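# sequence first, predicted coordinates after that:
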Amino acid sequence: MTPPKKKYYQISSLQKGLKILELLIAEKELTVSRVAEISGINRAGSHRFLATLRDLGYVEKNTEGRYQATLKILELGMKVAARFEIRSVARPYMQEISNAFNETVNLGYWNGRGILHLDKIDSREILRMDTPLGSTAPAYCTALGKVILAHLPADDLDDFLAGQKLQPLGPNTITSKEKLKKELKKIRKKGFAVDNEELAAGLRCVAAPVFNHTGQAHYAISVSGPSMRLKNQRIEQIRKVIREVCSKLSHQLGDPGDHDKEGL
């Protein structure tokens with residue numbers, strides 16, 4: 001396969017620096033040698049990038065000589081998150097669902113590649129799902145993702161699937177693009193999606209779309225929990241409530257309500 005052609009405007013040094021920063025965030029703390037080994041950037045280059053990031057306040061060196069990301073990353077992330085007004089608007093609706101079922105309630109955003117977890121209300125149960133805020137998840141095997149994919153314009157969905165490999169992550173992951181498209185068509189008609197151990201074994205999830213003033217479903221709310229608690233009868237109860245609550249939230253966001261149920 002021919003490697004993708006580098007775009008003329010891309011700055012290699014910036015890409016490398018961000019790659020190292022992302023690496024430190026993922027691995028928590030690393031030595032210069034380990035950074036060089038994982039990133040593929042030689043030791044001298046890795047040291048320069050780390051030193052620059054340290055001068056800028058994004059990286060610090062601990063007493064053991066390992067580098068780690070600083071809270072400046074969190075500060076930037078919180079400023080970006082603050083732009084998503086949807087979090088404050090959606091919170092009362094999420095709380096309503098949480099009160100009804102005492103399972104983890106998630107707010108997801110479609111970023112064009114996957115699902116970004118914007119907000120959540122944790123279950124009070126000891127055994128519960130714990131998805132970090134700001135983390136991303138695949139769209140094709142999550143309830144949040146599938147219910148948003150189901151409402152994408154056909155061309156956008158085709159573009160997404162063309163560049164997406166459907167890797168098996170759970171025992172019931174749909175790995176056929178044709179089967180997934182059939183599943184998405186059903187989801188669009190029903191108005192909700194279920195992740196039946198598609199992302200991970202023992203996890204089930206129910207989601208409904210949230211439409212904005214243009215009628216686009218860029219957001220979704222889900223209820224997730226262990227499959228031992230979220231049995232079919234419970235799923236049926238949740239899907240009725242979550243559809244109703246998401247419909248009320250969509251109305252508040254100005255949803256025109258003229259969605260094409262046969263769009264796929």
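Sure thing, it's come through. Residues are numbered from 1 along each chain as shown.

# now do the helices in the protein.
Ranges of helices in the chain, per DSSP state H, are 12-27, 32-39, 43-55, 72-82, 86-101, 143-149, 154-162, 177-190, 232-252.

# with E198 as the reference, name the closest of those helices.
The closest of the helices of the chain to E198 is helix 143-149. By Cβ to Cβ, the value is 8.4 Å. In this view, the C-beta of every residue, glycine as well, is placed from N, C-alpha and C.

# what's the closest one packed up against?
Judged by 3 or more Cβ pairs under 8 Å, 6 or more residues apart in numbering; DSSP states H and E, helix 143-149 is in contact with strand 104-110, strand 115-121, helix 177-190, strand 193-196, strand 203-210, strand 219-226.

# tabulate the helices of the chain in a markdown table, adding columns for mean pLDDT.
As requested, the helices of the chain are exported to a markdown table (pLDDT from 0 to 100):
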| stretch | mean pLDDT |
| --- | --- |
| helix 12-27 | 87 |
| helix 32-39 | 89 |
| helix 43-55 | 90 |
| helix 72-82 | 72 |
| helix 86-101 | 93 |
| helix 143-149 | 96 |
| helix 154-162 | 91 |
| helix 177-190 | 94 |
| helix 232-252 | 94 |
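
# distance between stretch 168-184 and the chain's centre?
A distance of 18 Å separates the centroid of the chain from that of stretch 168-184, by Cα atoms, centre = their mean, to the nearest Å.

# list the buried residues of it.
When burial is assessed from 16 or more other Cβ atoms under 10 Å, stretch 168-184 yields the following buried residues: 169-170, 173-174, 180-181, 183-184.

# break the chain down into its domains, please.
12-76, 84-252 (automatic domain parsing).

# ends of the first one, how far apart?
The straight-line separation of the ends of domain 12-76 (Cα to Cα, to the nearest Å) is 23 Å.

# related to what we said a few turns ago, of the helices of the chain, which approaches L199 most closely?
Closest to L199 of these is helix 143-149 (Cβ to Cβ; 8.7 Å).

# contacts made by that closest one with the rest, please.
For helix 143-149, contacts defined as Cβ atoms under 8 Å, 6 or more residues apart in numbering pick out 106, 108, 110, 114-115, 137-140, 157, 160, 183-184, 187, 192-195, 205-209, 217-222, 224.

# switch the cut-off to 7 Å
106, 108, 110, 114-115, 137-140, 157, 183-184, 187, 192-195, 205-209, 217, 220, 222 (Cβ atoms under 7 Å, 6 or more residues apart in numbering).

# for stretch 226-233, same thing?
For stretch 226-233, contacts defined as Cβ under 7 Å, 6+ apart pick out 127, 197, 202-204.

# setting aside sequence neighbours, what's the nearest residue to T131?
The shortest distance from T131 to any non-neighbouring residue, by Cβ to Cβ, 6 or more residues apart in numbering, is to H117 (5.3 Å).

# buried sites along stretch 97-104?
Neighbour-count burial for stretch 97-104 flags 97-98, 101-104 (criterion: 16+ other Cβ under 10 Å).

# next up, the contacts around the closest residue to S176 other than its chain neighbours.
Computed as Cβ to Cβ, 6+ apart, the closest residue to S176 that is not its neighbour in sequence is L166, at 7.2 Å. Contacts for L166 (Cβ under 7 Å, 6+ apart) come out as 140, 174-175, 177, 180.
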